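[1] the amino acid sequence is not available; the structure is as follows:
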């Protein structure tokens, strides 16, 4: 035979796929250990668990950057364009390339620096003392800037973004955030802060945990969350986690005994992530194609189910009598409109994770701008608190009382997660773009929602987003599913219509 | 300097210890995954979890048998006799030697054969059809016999024993089991089977799970189980598991809604294992010295707390009013003697795991004799069911109704765990030997027990057994702690006195 056929080329991928599957298994094992640490691990396990996780991460990294993996990738050649093998090679090559470019010394120093920065941040936040955290952040930032130098990008911040959203670029995000700023800041100014507490008040009361739990479970069961392939447990910081495939995708939630919406929306948010992971093609398990394609698309799924569904009128048309009945004596007589207004109350506030749907993006915008300034060396770590407060005042009209409620509130920087925040806003923007595309193709979605049926919506998402895993690049996936690139217009129209009305 | 000092020799162990610590981390990670599988994993996780566990086991094995580990062990030379480093080298060398002797092909074939044998056994037991399991058992046995050929031993079965109880020998166990047979068979014959049900009856009733759970927790809290370094969860088959150190040692239990003692004694038994693991020197974590020294010594701890403590009069002197109060309306008026007789009722029965304290060893004896016969080629797999029933009749006076209640009842053979069963009886024998040594040195132990205080007993066990981990060989540990080698006399005296009286 004079040339290698496609079939022969595919056969050659066996050893590479085995190796990638083993690396996937190590990462999945680490995720199980992380799940356990966040849910049920006794405090005596802290030290041992840190060692176990460090060993798993080190071995997985060593396997990825090994000569053997390099050789297998080199030998793999070209798979048929558009095939799954081609996608596997593309994603594997990117991960290998990214890992191999960073010197082992830099990886180890970053791991050590973030390991020290995290407890320093915890202490700094507890005491609201920026000076305890600043030197650690300086070091983490310096290492991340050095890493950016080894990686590709038109802008030093691109390398940070690329880790979470492959293909994401600073320049395009700047345009997106400018559009969000122009659209949202005036909307927020029009909101009368005084009204928010009145609106939320009807959902204050004494809500026993078990009933909150069973109501939340009923809601996400109706969404289509498959309990035979997952579970829900309590955790301090809710999260969703999966282990290399759609067969075991877990979520966690937290309960406020006096404020109903904390648990309910955390559950719906994490269920959005979980529905994505449960919907990925089973055959992608243990390959580089498993898992969501980007943090931005992942957040689009969580925000879609949290906001477009669970904060909508059609949803509450179905669930409001059920919520009332679940808490007799507490929510008696509550009508649809009161609930709808309560779960959509807007109030500028200091903490991002507690922000309402409308002000949320301004918190993200602020972080994006500060991170870009840091990576452009237009801002120093020492200047961060002041810059933070100035932007809070400009965008939200409030200045945090102290740094714990301001620049020290998030864990991301301590962990070295520069470039992660923008995914939250990309997710918001994309959630509306996807929801509108789904409703346009399947008009039954909205009337179904009023009957507590979400199969048409989930089916559309499965077909157009979930099932593909990492097969397409994020931009391609968005274009394929919605017919155009990421676009802020539908999202801004939605916000204006929803919050302008109220 | 003309010669290497001890200090220099110790320093050289750094890279070896790091490598062994990483292997320990991989095994600990696998244990976390195993715990999760047995407790909370949804059924959709089965396939992925099997892959993750296989990868972790394969990588840990490859690291152990690698040239690098061999070179580090060779370079380690001799540590100071009696030092911890010497013990680390001894245990590490044994594990390395055992692993390196078995051809990779044999390890893989055994893993595949047991992987197929286990589901075949489950099906065979469900249908009580020996023919479904026999061909699988033939293959597993053949592979195990081949393995024995690569390993040391005066007898082919020695290699099986050595895996669970280093230093254990067929010849010595034969003597031990002959002594047990001579002592226990006549005692069992004297027991009137008809009485057992009458004796157990007072502890039958309706016991809600939560109260059973909280009573069990109170009991093992009084034993000294440290909840900040462990937890208890429900599981179908109760077990205890630790993750490379004493900081996180978990147990599980199961509940029978109508029979109080199932959960209580499962909890006490697993707590015995857990107290051992929680008591191991913290500095042994992630070294070859972590974990219990042998399955026999491990079972001695579980049986000591289950039988010598929780089935004793002093224990119930304290706990019987508390048990009565925990279940008002169910156990009203139950007196100490009735409870004591109920938890010590004897009745020859078919299933080992449900056997009472007196007949338990006869179940083990039977398995030991059959396993030795198999490894001596005096018995074929085809002859096993008949041989099983004949021995049941001889030792316990009953013939199982079918193979599901007989030769198919245990999972051990399907998993290739030949040589494991004897540890149960070694544990029983040793539990009394250790308890008597403890009471002799600390006479306050018995009066303390009547007040629900177990600190003196736990303290003695910590000092003489637990803290040492794998530092000493099992035989050395037994001699150091009790002043003589394993001895059936105290155990037989104890059984005679306890069950002769009733």
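    Looks like it came in fine. Being a predicted model, the structure only gives us computed values, none of them experimental.

[2] only C-alpha atoms from now on, for both contacts and neighbour counts.
    OK.

[3] whatever helix or strand residue A:47 lives in vs chain B: in contact?
    Here residue A:47, judged by DSSP states H and E, is contained in helix A:46-65. Yes: interface with chain B: helix A:46-65 contributes A:46, A:48, A:51-52, A:55-56 (Cα under 8 Å from any Cα of the partner chain).

[4] so for that helix, mean pLDDT?
    Across helix A:46-65, pLDDT averages out at 94.

[5] over to stretch A:190-198?
    71.

[6] up against chain B, what does the stretch 201-350 of chain A have?
    Residues of the stretch 201-350 of chain A lying near chain B (Cα under 8 Å from any Cα): A:227-231, A:243-245, A:247-248.

[7] between all of these, which two are separated the most?
    Longest distance between any two of those is 17.2 Å, between A:227 and A:244; criterion Cα to Cα.

[8] got the buried residues for stretch A:109-122?
    A:110-111, A:113-114, A:116-118, A:120-122 (16 or more other Cα atoms under 10 Å in any protein chain shown).

[9] now it, how far from the chain's geometric center?
    Taking Cα atoms, centre = their mean, to the nearest Å, the mean C-alpha location of stretch A:109-122 is offset from the chain mean by 22 Å.

[10] and the contacts of it?
    A:132-133, A:136-137, A:139-140, A:143-144, A:408, A:411, A:414-416 (Cα atoms under 8 Å, 6 or more residues apart in numbering or on different chains).

[11] ok so, going back, looking at residue A:227 and residue A:244, which is more packed in?
    Using other Cα atoms under 10 Å in any protein chain shown, the more surrounded residue of residue A:227 and residue A:244 is residue A:244, with 29 against 17.

[12] where along chain A do the strands fall?
    Using DSSP state E, the strands of chain A run over residues A:232-234, A:240-242, A:249-253.

[13] re the thing from before, which ChimeraX command selects the buried ones in the residues of the stretch 201-350 of chain A next to chain B?
    Here is the ChimeraX selection string for the buried members of these, based on 16+ other Cα under 10 Å:
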select /A:227,229,230,231,243,244,245,247,248
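
[14] touching, residue A:336 and residue A:315? I think so.
    No: judged on Cα atoms under 8 Å, residue A:336 makes no contact with residue A:315 at a distance of 9.9 Å.

[15] and the two? Which one has more around it.
    Just comparing residue A:336 and residue A:315: by other Cα under 10 Å the higher neighbour count belongs to residue A:315, 24 against 18.

[16] go ahead and confirm residue A:157 touches residue A:377.
    No: Residue A:157 lies out of contact with residue A:377 (Cα under 8 Å); the separation is 10.9 Å.

[17] tell me which of these two has more neighbours.
    Each of residue A:157 and residue A:377 has its neighbours counted (other Cα under 10 Å); residue A:157 has more, 25 against 11.

[18] contacting residues for the closest residue to that one other than its chain neighbours?
    In space, and not counting its chain neighbours, residue A:157 is closest to residue A:375: 5.9 Å by Cα to Cα, 6 or more residues apart in numbering or on different chains. Applying Cα under 8 Å, 6+ apart, we find residue A:375 in contact with A:145, A:156-157.

[19] equivalent analysis for residue A:234, please.
    So residue A:234 contacts A:39, A:252-255 (Cα under 8 Å, 6+ apart).

[20] TSV for the residues you listed, including neighbour count, pLDDT and distance to residue B:403?
    Shown next, in TSV, are those (neighbours: other Cα atoms under 10 Å in any protein chain shown; pLDDT from 0 to 100; distance: Cα to Cα, whole Å):
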residue	neighbour count	pLDDT	distance to residue B:403
A:39	16	95	42
A:252	23	96	44
A:253	25	95	47
A:254	20	93	49
A:255	22	95	51
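
[21] nearest to chain B among the residues you listed?
    Comparing the contacts of residue A:234 against chain B with Cα to the nearest Cα picks out residue A:39 as the nearest, at 11.4 Å.

[22] list the contacts of that closest one.
    Residue A:39 neighbours (Cα under 8 Å, 6+ apart): A:233-235.

[23] could you check how far the residue nearest the centre of chain A is from residue A:420?
    By Cα atoms, centre = their mean, chain A has its centre lying nearest to residue A:299, at 4.2 Å. Applying Cα to Cα, to the nearest Å, the value for residue A:299 to residue A:420 is 11 Å.

[24] which neighbours do those two have in common?
    Joint contacts of residue A:299 and residue A:420 (Cα under 8 Å, 6+ apart) do not exist.

[25] narrow the contacts of residue A:375 to those in helices?
    Applying DSSP state H to the contacts of residue A:375, the entries found in helices are residue A:145.

[26] reformat the contacts of residue A:375 as TSV; add distance to residue A:189 and pLDDT.
    What follows is the contacts of residue A:375, written out as TSV (distance: Cα to Cα, whole Å; pLDDT from 0 to 100):
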residue	distance to residue A:189	pLDDT
A:145	36	97
A:156	34	95
A:157	31	97
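
[27] nearest to chain B among the contacts of residue A:375?
    Using Cα to the nearest Cα, the contacts of residue A:375 come closest to chain B at residue A:145, 30.8 Å.

[28] list the contacts of the closest one.
    Neighbour list for residue A:145: A:156, A:375 [criterion: Cα under 8 Å, 6+ apart].

[29] do residue A:294 as well
    Taking Cα under 8 Å, 6+ apart, we find residue A:294 in contact with A:164-166, A:474.

[30] same check on residue A:20?
    Residue A:20 neighbours (Cα under 8 Å, 6+ apart): A:64, A:92, A:286-288.

[31] per-residue pLDDT of it, please?
    97.

[32] so how far is residue A:57 from residue A:65?
    12 Å.

[33] one more: residue A:126?
    Residue A:126 is 30 Å from residue A:57, by Cα to Cα.

[34] those two: who's more crowded?
    Looking at residue A:126 and residue A:57 with other Cα under 10 Å, you find the greater number of neighbours at residue A:57, namely 17 against 13.

[35] wait, that one sits on residue A:27?
    Yes: the criterion here is Cα under 8 Å, and residue A:57 meets it with residue A:27 at 7.2 Å.
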